[in-house]
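Enquirer: Provided below for reference: sequence and predicted model.
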Amino acid sequence: MINCEKLEKIRNIGIVAHIDAGKTTTTERILYYTGKTYKIGSVDEGTAVMDFMVLEKEHGITIQSAATFFKWKDYEFNLIDTPGHVDFTIEVERSIRVLDGIIIILDASAGVQPQTETVYRQAKKYNVPIIFFVNKMDKLGADFDFCIKSIKEKLLINPIPIQQPVGKENEFSSIVDLIKMKEIKWLNEDGTNYVYEDLDSPEKFKNERIFMLEEIASLDEIFMEKYLSDNYNEEDIKLALRRINLSNTGAAVLCGSSLKNMGVQPLLDAVIDFLPSPLDKPIQKAFIVNENKEEEIMINNFEKEGLLAFCFKVSYFPNVGKLCFIRVYNGKIRENDVLYNSNKQLKERVNKIVKLHSNYMEEVKSLEAGQIGSILGLKKTFTGDSLLDKEEKFYLESINIPDPVIFMAIEVSTKADEDKLFRILERLTEEDPTFKYKINNETGQVIISGMGELHLEIIKERIEKDYNLKIYSGKPQVEFRESISKKSQGEYNFYKQINNKLQNAYVKVEVLPIEEGIKIFIDTPKIPEKFISFVREGIESALMFGVLAGYPNTKIKVKVIDSIYDKDFSTPIAFKVAAYEAVKLAIEKAEPILLEPVMKVEIILPEEYLGNVINDLQSRSGEIQEISIYQSMGVNVINKIIALVPLREMFGYTTVLRSLTQGRGNLNMELFNYKKVPDTVSELLKGKL
């Protein structure tokens, strides 16, 4: 029986934004005002509680998402502070997957930036409600109205400003609450004392309030009737806005300056008022397996019998070991409980349960429905695994893991160091699913892959500083992909004597090109259930190395269409090898092609450098998608360029852009898609291998 009253008092939220919008700065104020910390941490000074890694303090950026918990007005908050750099987008993805609501922070001078669009798409994918906080209202160029416009135009959601700034830039002094029609003033430097006062001139904000009310009425029929009859109060406005936020048809927008300690407490109140409790988001996607066929279903967390939990992150802490970050959707997890990992089909025991405040741990007796915490003792549970209290072929929707787009070779000096390196790399891949490694069989070099130059640079620094191992590295290179151009079939009959025993299995597959990712279907009743996993392993192994140049395959669907099982001679290894060889043969006949990552490049720069930058992008095989005025500040016009450019042309481009714009251009890149490599480049790549 669920405790509705307790669940209603829980808020599982995340703070997300483009890099340098002020996520961690805002989180530090939240911790201070809720009494979780006794002083305000600073990102610039390296004292931010949530940026606890040494590298985060050195680089001044968030690298890993960090969790904390606190109370505000009798509500229990579980909060995750996420990175803003696109290279660490998996940290945002897996956090949003388990959160009930998020705060998107905007830089008041920049509005919606590229990574803002990315995190918004992630939130939309998981149907997570949002409120916006326009931060840095004291910054030069701050423009609240511009931010509202950019939300509407770029994110295609209805922004509903429930506050207005009083002044901007260095004249920013207070905030007007349009629901209460009161002015919020902060009375001391650290922002702990604030008051709601009557407005001196309410008519100044009359139009803004009317706009807010009309937006709410247009999106909520219940409030529309009250509004038209002029029969509503403050509570009616809040309830209507809550319904709008929870339905994702609109989003409340607030403002402030976290650095100046203004606007954070009303933001916490807005989380309570407008973002969901676990009770408000009971439905999610899941999968159930019947007769070897996977069926997608929508489930109600609270109607699912027994324990229902999800591991969304794995991290290793010094002197503690592996921690699994868990969201509990139904039931309860206690110390010494035996949990069933339905993805891995195995049981594991809970040693200890803790709740994390950054890297500080507080031991607790249990985790209940709606809560987020961490578990020690789950050795084989990793990101994306579902946890139950009984054996069942049922698991929740996992997390989309993007493919790496860049790689480099690394080496160590001695055999002992090599053994240590592989242990470190294995641990790093468990923590970060977007980081991969493999061995080049021809050169013996270790190849590490990641999401960008910064990602691999951080990995290198972690190996050297966190694990005290000196490594030598080559230059970063593009992680190409292979795919196919047409449908084909392949078959293989494994018939071999191993250790004086005949082993035999036959597998026939069909491969065909698809738009995205890898899909594997084993659509034959001829393979016994106990061999299904080995057939899948063989297929996955075959797809890891392409037939043209050894790059991983993508955009391929593999379907097992026939097989032969011999009850006397068929073995797991026979089925695995037969599946592997059948896939390789099918791909060779399917006109394989090389693909390369194409990046969406967004550049903000002064108008006088526009021509030089466009010419440079075009010389790099870039396709200009958009040139527009990003923001006009007096006589200084700021332009935005959006281009699609092959990643192989963009190494070291940050330095080039600085030179072309005298340090005044800003760059953001993210993976757009994979496209066929030009024939000249393809031949060159194949010639190197």
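Expert: On my side now, so go ahead.
Enquirer: Give me the next element, helix or strand, following the helix or strand bottoming out on mean pLDDT in the chain.
Expert: Counting by mean pLDDT, DSSP states H and E, the chain has its least confident helix or strand at helix 54-59, which shows a mean of 64. Next helix or strand after helix 54-59 toward the C-terminus (DSSP states H and E): strand 66-72.
Enquirer: Does anything pack onto that following strand? Which helices or strands?
Expert: helix 23-33, strand 75-81, strand 352-357, strand 372-376 (3 or more C-beta pairs under 8 Å, 6 or more residues apart in numbering; DSSP states H and E). C-beta coordinates here come from the backbone N, C-alpha and C atoms, glycine included.
Enquirer: And those: which comes nearest residue 289?
Expert: If you check each of the helices and strands packed on strand 66-72 against residue 289 by C-beta to C-beta, strand 372-376 wins as the nearest, at 24.9 Å.
Enquirer: so after the closest one, what's the next helix or strand?
Expert: By DSSP H and E, the next helix or strand past strand 372-376 is strand 386-388.
Enquirer: ok now that next one, how far from the chain's centre?
Expert: In terms of C-alpha atoms, centre = their mean, to the nearest Å, the centre of strand 386-388 is set 21 Å apart from its chain centre.
Enquirer: Quick one: list the elements packing against it.
Expert: strand 308-317, strand 338-341, strand 394-396.
Enquirer: That one: partners in the sheet, and parallel or antiparallel?
Expert: strand 308-317 (antiparallel), strand 338-341 (antiparallel) (DSSP bridges).
Enquirer: So which bits of the last one are buried?
Expert: I take that to be strand 338-341. 339-341 (16 or more other C-beta atoms under 10 Å).
Enquirer: C-terminal to it, which secondary structure element comes first?
Expert: According to DSSP H and E, the helix or strand after strand 338-341 is strand 346-349.
Enquirer: Tell me the buried residues in that next one?
Expert: Neighbour-count burial for strand 346-349 [16+ other C-beta under 10 Å]: residue 348.
Enquirer: contacts for that strand?
Expert: 336-341, 377-381 (C-beta atoms under 8 Å, 6 or more residues apart in numbering).
Enquirer: just those residues now: which is nearest residue 146?
Expert: residue 381 (45.7 Å).
Enquirer: count of neighbours near that closest one?
Expert: 22 (other C-beta atoms under 10 Å).
Enquirer: Read off the pLDDT value for it.
Expert: On pLDDT, residue 381 comes in at 95.
Enquirer: Could you tell me the phi and psi values at it?
Expert: Backbone torsions for residue 381, taken as degrees, to the nearest 10, come to phi -90, psi 130.
Enquirer: thinking again about what came up before, of all the buried residues of strand 338-341, which comes closest to residue 560?
Expert: residue 341 (25.3 Å).
Enquirer: ok, what's across the strand from that closest one?
Expert: residue 346, residue 387.
Enquirer: correct me, but it touches residue 384?
Expert: No - with contacts counted by C-beta atoms under 8 Å, residue 341 stays clear of residue 384, the gap being 10.7 Å.
Enquirer: right, and the helices and strands packed on strand 386-388 - which one's nearest residue 90?
Expert: strand 308-317 (9.4 Å).
Enquirer: Can you name the element that comes right after the closest one?
Expert: Using DSSP H and E, the next helix or strand after strand 308-317 towards the C-terminus is strand 321-330.
Enquirer: Tell me what angle that next one forms with strand 372-376.
Expert: 140 degrees (axes from the mean of the first three to the mean of the last three C-alpha atoms, to 10 degrees).
Enquirer: Show the backbone phi and psi for the spatially most central residue of the chain.
Expert: Centroid-nearest residue in the chain, with C-alpha atoms, centre = their mean: residue 93, separated by 1.8 Å. Backbone torsions of residue 93, given as degrees, to the nearest 10, read phi -60, psi -50.
Enquirer: Does it touch residue 398 like I think?
Expert: No - using C-beta under 8 Å, residue 93 makes no contact with residue 398, being 10.8 Å away.
Enquirer: will you turn the helices and strands packed on strand 386-388 into JSON lines that also has distance to residue 483 and mean pLDDT?
Expert: Shown next, in JSON lines, are these (distance: least, C-beta to C-beta, whole Å; pLDDT from 0 to 100):
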{"stretch": "strand 308-317", "distance to residue 483": "30", "mean pLDDT": "92"}
{"stretch": "strand 338-341", "distance to residue 483": "32", "mean pLDDT": "95"}
{"stretch": "strand 394-396", "distance to residue 483": "28", "mean pLDDT": "92"}
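Enquirer: Columns distance to residue 531 on top of the ones you listed, output as JSON lines?
Expert: Conversion of the helices and strands packed on strand 386-388 to JSON lines gives the following (distance: least, C-beta to C-beta, whole Å):
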{"stretch": "strand 308-317", "distance to residue 531": "27"}
{"stretch": "strand 338-341", "distance to residue 531": "21"}
{"stretch": "strand 394-396", "distance to residue 531": "21"}
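Enquirer: what ranges do the strands span in the stretch 201-350 of the chain?
Expert: Secondary structure of the stretch 201-350 of the chain (DSSP state E, counting those that start in this stretch): strands at 250-255, 283-290, 293-300, 308-317, 321-330, 332-334, 338-341, 346-349.
Enquirer: out of those, deepest packed?
Expert: strand 250-255 (a mean of 24; mean count of other C-beta atoms under 10 Å).
Enquirer: Need the CA coordinates for that strand. PDB is fine.
Expert: Extracted as PDB, the C-alpha positions of strand 250-255 are listed here (Å, rounded to 0.1, in the frame of the first residue of the first chain):
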ATOM      1  CA  GLY A 250       3.700  25.200 -21.100                       C
ATOM      2  CA  ALA A 251       6.400  26.000 -18.600                       C
ATOM      3  CA  ALA A 252       6.700  28.600 -15.800                       C
ATOM      4  CA  VAL A 253       9.600  31.100 -16.200                       C
ATOM      5  CA  LEU A 254      11.300  32.700 -13.200                       C
ATOM      6  CA  CYS A 255      14.300  35.000 -13.000                       C
END
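Enquirer: tell me the helices in the stretch 551-689 of the chain, going along the chain?
Expert: 572-588, 610-619, 653-661, 679-688 (DSSP state H, counting those that start in this stretch).
Enquirer: just those helices: most buried one?
Expert: helix 572-588 (a mean of 23).
Enquirer: Give me the local confidence score for the residue of the chain most remote from its centre.
Expert: Of all residues in the chain, residue 500 has its C-alpha farthest from the mean position, at 50.7 Å, by C-alpha atoms, centre = their mean. If you check residue 500, the pLDDT there is 77.
Enquirer: where does this protein dip in pLDDT?
Expert: For the chain, applying pLDDT under 70 flags the ranges 1, 41, 43-62, 291-292, 441-443, 630-637, 684-689.
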